[in-house]
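> Can you look at this prediction? I've put the sequence above it.
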Amino acid sequence: MTLSQVDSAPNGWVVRSCRARQACPPDDCFRVEPPAGTVNTRRRSSGRYTGWRLLVEGLTGQRGWSRAWSKATPRPRYRVVIVGGGGHGLATAYYLATEFGIRDVAVLEKGPIGLGNVGRNTTIIRSNYFLPDNIRFYEFSLRLWEGLEQRLNFNAMVSQRGTLNLFHTEAQRDLFTRRANQMRLLGVDAEAVSREAVQALVPLVDLDNGRFPVLGGFLQRRGGTARHDAVAWGYARGASEAGVDIVEHCEVTGIRRGERGVTGVETTLGFIAADTVCLAVAGHSSRLAAMVGLRLPIESHVLQAFVSESVKPLIDVVLTYGAGHFYVSQSDKGGLVFGGGIDGYNTYAQRGTLPMASEVAAAAVTLLPGLARLKVLRQWGGVMDMTMDGSPIISKTPIPGLILNGGWCYGGFKAIPAGGMTTAHLIARGAPHPVAAHLDLNRFAAGRTADERGIGPFPYAH
Ligand code: FAD
């Protein structure tokens, strides 16, 4: 067989194929070669992380560590291309390779991995949702979180310190009770907590504050926090070791489609062919979908977060305020990490405005007056993919071969393990995972939205 036809590919890679391609087995008539003069370097494992290795490295000058994941140069063709090296893109790649044996996968990230929302959130994980389908999905995620560090052999600092949601009116007590009952019926932990117990858990709370006195709370003890960027690094390491190419600084600028569906993506490193393209770009979902003429029921908004100077241990749960959008936890370094609602206008800018910052500060000092003199060290924003019903989308699209993971609203960090697993299932099996079947895109056209808070198509209120 003479491989006579030579096609150029990204970064100087060469594709050789024979002209009578249909007539012979694919491996005989198709070969991909690295750029001339380069050696296609084999992926080197970063080895198992153990306490013993930490000790030995500490005593021997830390010289034995190698890169946690390989920085790949893209090949011209993959079975699956995932756009977006955030939590969901990396987790999808990891589960595709490790659960479903699909290793011919590339994750394309326009910048360095982990600098999108996965590294910008307030790190809260929980499964205290209201709709039974959503409870099942987020509980599936929480269970995956519970074994994640052992599975990835990576310290993601998962801390099940409890999430405590406060309520301030009798109507809110009823609503929270319904939510807790629904959770318990599905075998998920939820506890009603009295005013006194709230005070004992967080002595700093001003129960009788003049604006919204606290009547009690609901506690999910298995909720808590995880270190956000370690989650991206852990999945990247696992995916890379399983054979996935993680390609940084490779922006997708177009999506090509043929008669039978997607054929690949245009990138700043050239065209990359793929049988399946999965969009996992969070706040940029609408922009990427528009590249193939698809309009999504998603708006992009900015959400801010804040971190204070370090102080001694003050709050050892995740505390949320029921009378507005405010949530706070304390990081292991001692800083209070807190946030509020979205800024309320559509934007792709990763920075917020002062009015929302002052609204968050007002809620903070109403609930916890002792914070009034604390200094805020840093503030940042992330672009949120807000759906019209407040629930995410894990779905095929009208374009064959194009899969969507997006619409994460405020809650996509906690959903990363489940989002990755169920998106990988959808790609590998061609059918939705049972816990994510209600998250299909068609629900908006069919009128069976998963309106978690029952407030209709208003992103600000989700
Ligand atoms: P991202 O990390 O944003 O990944 C998407 C990636 O796609 C980015 O890296 C981006 O660079 C890349 N990309 C975009 N366009 C292209 C392109 N054209 N080509 C290639 N790559 C591209 N959730 C919780 O559960 N708990 C919380 O406490 C919480 N707090 C939050 C606080 C803030 C301030 C913010 C901003 C979000 C918060 N979230 C929280 C939401 C959560 O962080 C997100 O829903 C989730 O991280 C989104 O999924 P992701 O990690 O895949 O997104």
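That came through fine. Numbers count the residues shown, from 1 in each chain.

> shouldn't Ser70 be in contact with Ile246?
Yes: the pair Ser70 / Ile246 is scored as a contact, 7.1 Å apart, by CB atoms under 8 Å. Placement of C-beta: from N, CA and C, glycine included.

> List the contacts of the closest residue in space to Gly324 that isn't next to it in sequence.
Sequence neighbours aside, Ala363 is the residue nearest to Gly324 in space, at 4.7 Å (criterion: CB to CB, 6 or more residues apart in numbering). Ala363 makes contact with Tyr321, Ala323, Gly324, His325, Phe326, Gly340 under the criterion CB atoms under 8 Å, 6 or more residues apart in numbering.

> nearest to the ligand, of those residues?
Gly340 (9.3 Å; CB to the nearest ligand atom).

> tell me the strands in the stretch 151-300 of the chain, going along the chain?
163-167, 191-193, 216-220, 224-225, 245-247, 252-258, 261-267, 270-279, 298-310 (DSSP state E, counting those that start in this stretch).

> helices or strands up against the fifth one?
By that I understand strand 245-247. Applying 3 or more CB pairs under 8 Å, 6 or more residues apart in numbering; DSSP states H and E, we find strand 245-247 packed against strand 105-108, helix 228-241.

> JSON lines please, covering the strands of the stretch 151-300 of the chain and showing mean neighbour count and distance to Leu90.
Converted to JSON lines, these look like this (neighbours: other CB atoms under 10 Å; distance: least, CB to CB, whole Å):
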{"stretch": "strand 163-167", "mean neighbour count": "24", "distance to Leu90": "25"}
{"stretch": "strand 191-193", "mean neighbour count": "16", "distance to Leu90": "34"}
{"stretch": "strand 216-220", "mean neighbour count": "23", "distance to Leu90": "26"}
{"stretch": "strand 224-225", "mean neighbour count": "24", "distance to Leu90": "19"}
{"stretch": "strand 245-247", "mean neighbour count": "23", "distance to Leu90": "8"}
{"stretch": "strand 252-258", "mean neighbour count": "17", "distance to Leu90": "16"}
{"stretch": "strand 261-267", "mean neighbour count": "20", "distance to Leu90": "17"}
{"stretch": "strand 270-279", "mean neighbour count": "23", "distance to Leu90": "12"}
{"stretch": "strand 298-310", "mean neighbour count": "20", "distance to Leu90": "21"}
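
> and Pro417, which of the ones you listed is closest to it?
Of all those, it is strand 224-225 that lies closest to Pro417, at 14.1 Å by CB to CB.

> What helices and strands are in contact with that closest one?
strand 124-125.

> okay, and the common contacts of Ser70 and Ile246?
Common neighbours of Ser70 and Ile246 (CB under 8 Å, 6+ apart) are Ser240.

> Let me know which of the helices and strands packed on strand 245-247 is tucked in deepest.
Burial of those is given as mean neighbour count (mean count of other CB atoms under 10 Å); strand 105-108 ranks first at a mean of 28.

> model confidence over that one, on average?
The pLDDT scores in strand 105-108 average 98.
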